[in-house]
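A.B. asks: just coords:
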């Protein structure tokens with residue numbers, strides 16, 4: 001005779017993990033939540049005041065940044081990354097995140113570790129104003145190595161249909177405002193891990209792994225506030241693919257726009273208009289191809305807004321006052337290449 005525990009799944013540890021989750025999720029509850037963790041599904045009431053509400057969703061994971069967390073035995077920040085990767089994407093269309101659900105998978109569940117990871121998710125939800133409505137914990141012995149976890153999730157937000165930001169208002173002469181990133185964020189870690197085999201190596205007076213684990217910055221609250229002050233024409237979350245892949249996505253057809261075969265609206269980026277973070281210089285020093293860095297990493301800019309030229313200074317001043325360093329990093333022009341550096 002063999003039972004579930006003998007097959008490698010400890011349901012008692014799962015119960016402990018859920019209790020840890022509940023205390024974290026409780027802190028994120030906002031008006032609209034109709035039930036708590038433990039039900040078969042989360043329920044959220046659509047907020048009043050919308051004439052034509054549009055539901056906006058996004059999903060993502062943390063990727064191999066998790067391996068740095070395992071080596072550092074630090075589990076309470078990667079959940080913030082998971083939320084950030086989703087809510088920042090939803091934000092690009094002017095939507096306010098309403099709630100978040102996560103998925104945690106492992107080979108052997110440790111309720112304390114899982115609880116810390118979900119605490120990070122709750123912290124990210126608090127930063128974005130979203131409720132942590134629920135999720136799933138999957139213990140799969142023999143499928144995941146013991147001690148390894150994966151985490152992913154998705155966010156659901158809301159926007160007034162007439163207020164959706166889809167890039168259609170972007171015009172030649174608009175100014176690109178870049179918001180500072182907190183570090184590498186959650187992209188390009190397959191390369192990072194090759195370049196940094198020892199996460200305990202000194203970097204600026206502390207283990208380099210600590211710098212690499214700096215959570216992805218969540219831009220929701222300052223950007224939603226900014227949208228009440230100025231007309232934002234387009235927004236970009238700089239994730240995997242860096243500047244070259246992501247910036248064209250803020251235009252109506254993802255970079256394939258304007259006159260076929262001729263000039264179209266493009267983004268001109270001025271190098272040196274913002275401080276490149278030391279960690280990116282360190283990656284180049286360790287062997288990363290400098291010509292490909294802007295194809296892979298955020299290089300110190302995690303989010304970009306396109307605004308009219310007359311609103312540029314107000315935008316920068318507003319974001320700086322909110323504690324989010326911002327810079328005029330470029331402009332919208334006409335050309336044949338989607339992203340041009342000068």
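C.D. replies: Yep, that arrived. Model, not experiment: these values are computed from the prediction.
A.B. asks: For the rest of this, base every contact and every neighbour count on C-alpha atoms.
C.D. replies: Noted.
A.B. asks: Please, where are all the strands along the stretch 51-200 of the chain?
C.D. replies: Listed in chain order, the strands of the stretch 51-200 of the chain (DSSP state E, counting those that start in this stretch) span residues 53-61, 96-106, 131-139, 149-160, 175-180.
A.B. asks: the helices in the stretch 201-342 of the chain, which residues?
C.D. replies: Assigned by DSSP state H, counting those that start in this stretch, the helices in the stretch 201-342 of the chain fall at 208-212, 220-226, 242-246, 278-285, 293-296, 312-321.
A.B. asks: Which of the ones you listed sits closest to residue 334?
C.D. replies: helix 242-246 (16.2 Å; Cα to Cα).
A.B. asks: what packs against that closest one?
C.D. replies: With contacts defined as 3 or more Cα pairs under 8 Å, 6 or more residues apart in numbering; DSSP states H and E, helix 242-246 has these neighbours: helix 293-296.
A.B. asks: For the helix it packs on, buried residues please.
C.D. replies: 293, 295, 296 (16 or more other Cα atoms under 10 Å).
A.B. asks: cool, and stretch 149-163?
C.D. replies: Quick answer for stretch 149-163 (16+ other Cα under 10 Å): 149, 150, 151, 152, 153, 154, 155, 156, 157, 158, 159, 160.
A.B. asks: Show me the shaky parts of the protein.
C.D. replies: 1-10, 254-262 (pLDDT under 70).
A.B. asks: quick one: residue 294 from residue 245, how far?
C.D. replies: 9 Å (Cα to Cα, to the nearest Å).
A.B. asks: Hmm, I typed the wrong one, I wanted residue 232.
C.D. replies: Taking Cα to Cα, one finds residue 232 at 21 Å from residue 245.
A.B. asks: higher neighbour count, these two?
C.D. replies: The neighbour comparison of residue 232 against residue 245 (other Cα atoms under 10 Å) goes to residue 232, with 21 against 18.
A.B. asks: Report the contact partners of the nearest residue to the more buried one once chain neighbours are set aside.
C.D. replies: Distance criterion Cα to Cα, 6 or more residues apart in numbering; nearest residue to residue 232, sequence neighbours excluded, is residue 307 at 5.2 Å. Listed by Cα atoms under 8 Å, 6 or more residues apart in numbering, the contact set of residue 307 reads 170, 174, 175, 176, 177, 230, 231, 232, 233, 234.
A.B. asks: Likewise for residue 202?
C.D. replies: So residue 202 contacts residue 208 (Cα under 8 Å, 6+ apart).
A.B. asks: Ok, residue 123 next?
C.D. replies: 79, 80.
A.B. asks: Repeat that for residue 166.
C.D. replies: 93, 233, 234, 250, 251, 252.
A.B. asks: ok, 7 Å please
C.D. replies: Residue 166 makes contacts with 93, 234, 250, 251, 252, as judged by Cα atoms under 7 Å, 6 or more residues apart in numbering.
A.B. asks: Quickly note the distance from the residue nearest in space to the middle of the chain to residue 279.
C.D. replies: With the centre of the chain defined as its mean C-alpha position, the nearest residue by Cα atoms, centre = their mean is residue 85, 2.2 Å away. Using Cα to Cα, we find residue 85 at a distance of 20 Å from residue 279.
A.B. asks: what do you get for residue 293?
C.D. replies: Counting by Cα to Cα, the gap from residue 293 to residue 279 is 12 Å.
A.B. asks: Hmm, residue 329 is touching residue 180, no?
C.D. replies: No. Checked against Cα atoms under 7 Å, the pair residue 329 and residue 180 is beyond contact range at 10.9 Å.
A.B. asks: Compare these two and say which is more crowded by neighbours.
C.D. replies: Neighbour count, other Cα under 10 Å: between residue 329 and residue 180, residue 180 has more, with 23 against 19.
A.B. asks: Give me the neighbour count for the closest residue to the more buried one other than its chain neighbours.
C.D. replies: Closest residue in space to residue 180, ignoring its immediate chain neighbours: residue 301 at 4.6 Å, by Cα to Cα, 6+ apart. Residue 301 has 28 neighbouring residues, counting by other Cα under 10 Å.
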